[in-house]
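Q: Structure, please.
(chains A and B)
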Amino acid sequence: MKLTEDQVRWVAHLARLDLSTPEITALTPQLAAIVDYVDQLAQLDTQGIEPLAHALPVHNVFREDEPKPSLTVAEALANAPRKLGDCYAVPAVMD
Amino acid sequence: MNLTQLPASALVSLLRRGEVSSRQLTQACLEACQSLDSKIGAFLHLDAEAVLTTADAIDARRVRGEPLGLLAGLPVAIKDNLCQKGVPTTCASKMLANFRPPYTAHVVERVAAEDGVPFGKTNLDEFAMGSSTENSAFQKTRNPWDLERIPGGSSGGSAAAVAGCLTPLSLGSDTGGSIRQPASLCGIVGLKPSYGRVSRYGLVAFASSLDQVGPFAHDVAGTALLLQTIAGHDRRDSTSVNQPVPDYMASLETPLAGLRVGVAREFFGPGLDSEVEQAVRNSLEVYRSLGATIVDVTLPTSPHAIATYYLVATAEASSNLARYDGVHYGHRTAEKTNLINLYCKSRGEGFGAEVKRRIMLGTYALSSGYIDAYYTKALKARRLILNDFNRIFASCDVLAGPTAPTAAFKLGEKASDPLSMYLSDIYTISCNLAGISGLSIPCGFTASGLPIGLQLQGPAMAEETVLRAARMHEKATAWHTHRPILL
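A: Got it, this is the predicted structure:
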């Protein structure tokens, strides 16, 4: 199956990634070649094989629910590109 | 020989005996950087005053007769995807050009706690995505053995800094070969620990089920020393394994009796350069001459490893990199726009081409209608890859083969063909998918003088075996004593 520019635009939308028209034009054949390559996995017999998300047999690791010192508000906001008082500032979401 | 050309193992003895001070050594490394790093381009950030202050504090304690930690004043360069509080940590991305972390990574804390001198931040492929360090948004790093060639990647800055004798030790990270491949291409030792052996706290996430931090050094002893420093449990990383850390240095000089070296026939297929193949076959003869048994093994799923890796790693990356939204930290577009466009524009402006490519591939593999055919299928292939390793490690102690299919290639050679760049990771990625340990040691040179690496892989948590096997090879050869001519 060949990947189309429209599909690439849709995936960019899902990824919240603004891509220019030249970027879409360049990316489409590159991604198509990579997708063609990974399509080889279809030939691998995985009947009855459990997916493995993680090499270690660890699941949830819990700790006691005790308050501990963490970043101050000022430290947490120090890298914010824009802030308002003690908050991160974003464009208005509602009118 | 110049101080900076000595291996960490020799320097640490000089430091302990007081024959060299940490300031002298750190100063020598700074001078090496001053004269050579304009050519090599290994460092993105290096604060001379700060490193000398740290070195002086360690020297003062030595003079007072206080006991010093494992590193005793050795400089350790840090890959720029490891956080250091208040110090620029850019991941070689425009996205994080102005980021100064509010906390320090576990491994950097460990280096400082053992009296190492955190020595600057090194260049990498943006967000550790690449095999040549050409994907850095800021600068190219060149291979000290041939300045027209790449140092490998993604930890190319850390590898070139050690190979170029700018620092005796450095830290890198390895998601699919990003420590072992540059170690191989730069003629040094680099180790990827087993998943969970080293805490990922403070390592900027690329693919969380694959990422590990590990050491670079000129020799196996230096590698063991830095692994000893950083290995161990940390409750701030829930995948950190709570098992005792062996004394890697204590056992290093003891050869492994009855060592069984596995050789997978899949490692010698098409695409392997003939000079690399010859050097690796010579290394197998070295092991045979030391009394080891060479065991023929097969990894039947390995032809699918690259496809598996580039689905799992990109899926995890697309999720991890969703945090860069132009709101909390990192680049924010200057355009006045609504919230969704703020995300899209900030990400479109902040990320480079390879990062975008991987976010796109990962998003595609996870998207509705494709997740079963791609992501879930890859996870099943991943289990088969792990099963292959479990089976072969019943019949051998370590698996030996090439680290990379070729020696260092030229800058720009693969830049326009992402798939061919991905294929250069063929021998290293399975190790990450299976969570096992692996290292690369120098095993020869091509006719044109480029280093070749031998990869040794061992079961999960078998770093001690891998290091001892590597030391047996090192002791019987002298490849690790070579230094580039430009020095």
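
Q: only C-alpha atoms for contact and neighbour calcs from this point on.
A: Will do.

Q: Name the residues that touch the one helix or strand A:Pro29 maps to?
A: Assessed by DSSP states H and E, A:Pro29 sits inside helix A:21-38. Residues outside helix A:21-38 that contact it (C-alpha atoms under 8 Å, 6 or more residues apart in numbering or on different chains): A:1-5, A:8-9, B:307-308, B:310-311, B:357, B:361, B:417-419.

Q: tell me which of the residues you listed is nearest to B:Leu259?
A: Of all these, B:Leu259 sits closest to B:Thr308, with 31.1 Å by C-alpha to C-alpha.

Q: Just confirm that closest one contacts B:Arg383, I think it does.
A: No: between B:Thr308 and B:Arg383 there is no contact under C-alpha atoms under 8 Å: 10.3 Å.

Q: who's more crowded, the two?
A: Shown here are B:Thr308 and B:Arg383; by other C-alpha atoms under 10 Å in any protein chain shown, B:Thr308 has more neighbours (28 against 21).

Q: about what we covered before: of the contacts of helix A:21-38, just the buried ones, ChimeraX syntax please.
A: To isolate in ChimeraX the members of the contacts of helix A:21-38 that are buried, counting by 16 or more other C-alpha atoms under 10 Å in any protein chain shown, one can use:
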select /A:5,8,9 /B:307,308,310,311,357,361,418
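
Q: Out of the contacts of helix A:21-38, list just those in helices.
A: Mapping these onto helices (DSSP state H) picks out A:Glu5, A:Val8, A:Arg9, B:Ala307, B:Thr308, B:Tyr310, B:Leu311, B:Arg357, B:Leu361, B:Pro418, B:Leu419.

Q: following the helix holding A:Pro29, which helix or strand comes up?
A: helix A:73-77.

Q: B:Lys85: how many residues sit nearby?
A: 15.

Q: ok, now the one 4 residues further on?
A: For B:Thr89, the count of nearby residues is 26 (other C-alpha under 10 Å).

Q: Count the residues that sit near the residue lying closest to B:Phe206 once chain neighbours are set aside.
A: Nearest residue to B:Phe206, sequence neighbours excluded (C-alpha to C-alpha, 6 or more residues apart in numbering or on different chains): B:Ala317, at 5.1 Å. A count of neighbours around B:Ala317, defined by other C-alpha under 10 Å, yields 24.

Q: now the strands for the stretch 201-350 of chain B?
A: B:212-217, B:260-264, B:293-297 (DSSP state E, counting those that start in this stretch).

Q: Over to the stretch 1-150 of chain B?
A: Taking DSSP E, counting those that start in this stretch as the criterion, the stretch 1-150 of chain B carries its strands at B:43-45, B:75-79, B:117-122.

Q: Compute the first-to-last residue distance for stretch B:188-196.
A: By C-alpha to C-alpha, to the nearest Å, the extent of stretch B:188-196 from end to end equals 24 Å.

Q: Kindly provide the distance from B:Cys431 to B:Asp425.
A: Distance from B:Cys431 to B:Asp425, by C-alpha to C-alpha: 11 Å.

Q: anything in contact with each of those two?
A: With C-alpha under 8 Å, 6+ apart as the test, B:Cys431 and B:Asp425 both reach B:Gly176.

Q: Between the two, tell me which one has more neighbours.
A: A direct count of neighbours by other C-alpha under 10 Å for B:Cys431 and B:Asp425 places B:Cys431 higher, at 28 against 24.

Q: List the residues that contact that one.
A: Counting by C-alpha under 8 Å, 6+ apart, B:Cys431 has contacts B:Gly176, B:Ser437, B:Gly438, B:Gln457.

Q: contacts for stretch B:111-119?
A: By C-alpha under 8 Å, 6+ apart, stretch B:111-119 touches B:46, B:51, B:54-55, B:58, B:68-78, B:108, B:167, B:229-230.

Q: ok, now with 6 Å
A: Stretch B:111-119 has contacts (C-alpha atoms under 6 Å, 6 or more residues apart in numbering or on different chains) with B:Gly69, B:Leu70, B:Leu71, B:Ala72, B:Gly73, B:Leu74, B:Pro75, B:Val76, B:Ala77.

Q: Ends of it, what's the gap?
A: 10 Å.

Q: Over to stretch B:129-140?
A: So stretch B:129-140: terminal residues 14 Å apart, C-alpha to C-alpha.

Q: Count the residues that sit near the residue nearest to B:Lys79 when sequence neighbours are not counted.
A: Distance criterion C-alpha to C-alpha, 6+ apart; nearest residue to B:Lys79, sequence neighbours excluded, is B:Thr122 at 4.7 Å. Using other C-alpha under 10 Å, B:Thr122 has 32 neighbouring residues.

Q: shouldn't B:Thr122 be in contact with B:Leu82?
A: No: the criterion here is C-alpha atoms under 6 Å, and B:Thr122 misses it with B:Leu82 at 9.8 Å.
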